[in-house]
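Enquirer: okay, predicted coordinates and the sequence, questions at the end:
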Amino acid sequence: MIEQTKTEQAKKGKSGSSMPSDLAVILGAAAFAVLFGGIMIQTLIKENSHPAWLWILLAFSVLIFVLLSAAFLPSREAKLADRLSRSSHAGHATGRVVHMRRLNTSESTTLRETKLDLELLLRESDGRTRTVPVVVWVEDVMLHRFATGSTVHVLYDPLAPSKVAIDRRKTPVQLQ
């Protein structure tokens, strides 16, 4: 079934997910932590250092693994948005932001993002309305699109309508 979908996408010229797989992120972080820890432990052994330093380096390597994994894994909302954007069965709706709260910020040399807790009043294609929460990371230059009263486009799973994600094709969360 999955292979058939990938083949159909390839025939239509569509690519699969642009998100890194969770396994690739975890393996990359683990490889870096093992490489770092191995080099440092080898150096400590050569210098005949105190054995306590080995435990400290092991703990530091585990900390590096956890931090790298957490930093590079996509959020649940981003994974859901990616999956729904590739699905032909996803529901589409527009929502009005009725409440927006900033939870956290993340900054690198190229990107500053804010984690938003949004409460959206959704208007579905059949005219029904409902309120749903969405937690999403938004680049700071795009925050004005998520202010209270703004309209955003969302995707949802028809089999689980409470699973809602921002439709990044119609309401971008980052500059490209």
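Expert: Perfect, I can see it now. Numbers count the residues shown, from 1 in each chain.

Enquirer: so Thr129 sits against Leu122, correct?
Expert: Yes. Under the criterion of Cβ atoms under 8 Å, Thr129 makes contact with Leu122 at 6.3 Å. Using the backbone N, CA and C atoms, a C-beta is placed for each residue, glycine as well.

Enquirer: who's more crowded, the two?
Expert: Counted by other Cβ atoms under 10 Å, Thr129 and Leu122 do not tie: Leu122 has more neighbours, with 20 against 11.

Enquirer: neighbouring strands - and their directions - for the helix or strand hosting the more buried one?
Expert: Secondary-structure element containing Leu122, defined by DSSP states H and E: strand 112-124. Neighbouring strands of strand 112-124 in its sheet, by DSSP bridges, are strand 91-107 (antiparallel), strand 129-139 (antiparallel).

Enquirer: got the contact list for it?
Expert: Residues outside strand 112-124 that contact it (Cβ atoms under 8 Å, 6 or more residues apart in numbering) are 91, 93-107, 129-140, 143, 146, 152, 154, 156, 164, 174.

Enquirer: out of these, which are buried?
Expert: 91, 93-97, 100, 132, 134, 136-138, 143, 146, 152, 154, 156, 164 (16 or more other Cβ atoms under 10 Å).

Enquirer: residue with max distance from the center of this protein?
Expert: Distance to the chain centre peaks in the chain at Asn48, reaching 43.5 Å (criterion: Cα atoms, centre = their mean).

Enquirer: backbone dihedrals for that one, please?
Expert: phi 60, psi 50 (degrees, to the nearest 10).

Enquirer: which ones are touching it?
Expert: Here Asn48 is in contact with no residues (criterion: Cβ under 8 Å, 6+ apart).

Enquirer: okay, it and Phe60: tell me how far apart.
Expert: Between Asn48 and Phe60 the distance, using Cβ to Cβ, to the nearest Å, works out to 20 Å.

Enquirer: for the strand holding Leu122, what is the average pLDDT?
Expert: Throughout strand 112-124, pLDDT has a mean value of 87.

Enquirer: for stretch 130-148, same thing?
Expert: Mean predicted lDDT for stretch 130-148 stands at 89.

Enquirer: ditto for stretch 28-42
Expert: The model assigns stretch 28-42 a mean pLDDT of 81.

Enquirer: 173 is where my numbering starts, stick with that
Expert: All set: I'll call the first residue 173, so the last point we hit is now stretch 200-214.

Enquirer: pull out the buried residues from that stretch.
Expert: Buried residues in stretch 200-214 (16+ other Cβ under 10 Å): Ala201, Ala205, Gly209, Met212, Ile213.

Enquirer: just the mean pLDDT for stretch 272-280, thanks.
Expert: So the average pLDDT for stretch 272-280 ends up being 86.

Enquirer: keeping just the C-alphas, turn it into CSV.
Expert: C-alpha atoms of stretch 272-280 as CSV (Å, rounded to 0.1, in the frame of the first residue of the first chain):
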residue,chain,number,x,y,z
MET,A,272,-3.1,33.0,20.8
ARG,A,273,-0.5,32.4,23.5
ARG,A,274,3.3,32.4,23.1
LEU,A,275,4.8,29.4,24.8
ASN,A,276,8.5,29.4,23.9
THR,A,277,11.1,30.7,21.5
SER,A,278,13.9,29.0,19.6
GLU,A,279,16.7,30.9,17.9
SER,A,280,19.6,29.9,15.7
